[in-house]
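# Got a sequence here, can you model it:
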Amino acid sequence: MVEALGRTPVPDVLLAPVRFPDVDRGHRLDDLVRRHAVEDRYRDVVVVADPATVTLLLRALAPDQLPESGPVTEVGLPRAPRPVPLGWAAAGGIALALATGLASPLLPVWVLPGLVVLAAVVLLVVPGRGHWGRALLVGTGVAVVVAVLAVASSSRFPGSW
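Numbers count the residues shown, from 1 in each chain. The predicted structure is shown next:
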């Protein structure tokens, strides 16, 4: 299952089936899964274990959910989307505005921002890369604001741009 997802498996002895579980096995399983989930809080955690271990884990992690019938139990724990790196987006937007201004004699003004928006839309669709798409959209917005401010300041002070 883990190889199908393109990840390397991280085996743990605690997930192995046991005949007589300890009293605190559910809490130890909960600690184990939460530790892996905290390492990268934006990535899903896949646990492969026997049905009894999965039931114990469900009781600890999501007591309101019942185990599904069948070999796979999916637990719906809420995950937040990755935050947009605003510093890099703003710096990229300023760089895009400068590149657009320098390339304006050769290309129409809308071409570079249009290409960046197209790349952002493609990245929004790719799983796990949506935060970069949102960063490119924020950068394009910054570039438009910087370009408008540059045009407004050049009309106020002719010859400065």
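# So A60 versus R19, what's the distance?
Distance, A60 to R19, by C-beta to C-beta, to the nearest Å: 20 Å. Heads up, the C-betas are built off the backbone N, CA and C, glycines and all.
# got it, and A119?
To R19, A119 is 55 Å away according to C-beta to C-beta.
# ditto for R82
42 Å.
# What of T55?
T55 is 15 Å from R19, by C-beta to C-beta.
# Report the buried residues of the worst-scoring helix or strand of the chain on mean pLDDT.
Ranking every helix and strand in the chain by mean pLDDT, DSSP states H and E puts helix 51-61 at the bottom, with a mean of 76. Using 16 or more other C-beta atoms under 10 Å as the test for burial, helix 51-61 gives 53-54, 56-58, 60-61.
# okay if I get those residues as TSV plus distance to V109?
Shown next, in TSV, are these (distance: C-beta to C-beta, whole Å):
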residue	distance to V109
T53	60
V54	57
L56	61
L57	56
L58	56
A60	57
L61	52
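# Which of the residues you listed sits closest to P127?
L61 (23.3 Å; C-beta to C-beta).
# So the closest one sits against D31, correct?
No. Counting by C-beta atoms under 8 Å, L61 stays clear of D31, with 10.7 Å between them.
# Pass me the low-pLDDT residue ranges in the protein, would you?
1-2, 15, 17, 42-43, 67-79, 154-161 (pLDDT under 70).
# try 80 this time
For the chain, the stretches flagged by pLDDT under 80 are 1-29, 33-34, 36-82, 127-128, 151-161.
# Looking at R82 and R19, which one has more neighbours?
R82 (17 against 4; other C-beta atoms under 10 Å).
# Ignoring the adjacent residues along the chain, who's closest to the more buried one?
Distances taken as C-beta to C-beta, 6 or more residues apart in numbering place H131 nearest to R82, at 3.8 Å, with adjacent residues excluded.
# can you count the residues close to that neighbour?
16.
# Look up how far V117 lies from it.
Remark: distance between H131 and V117 (C-beta to C-beta) = 16 Å.
# mind checking how far the lengthiest helix in the chain is from the chain centre?
In the chain, taking DSSP state H as the definition, the longest helix is helix 130-156. Mean-position distance between helix 130-156 and its chain equals 23 Å (C-alpha atoms, centre = their mean, to the nearest Å).
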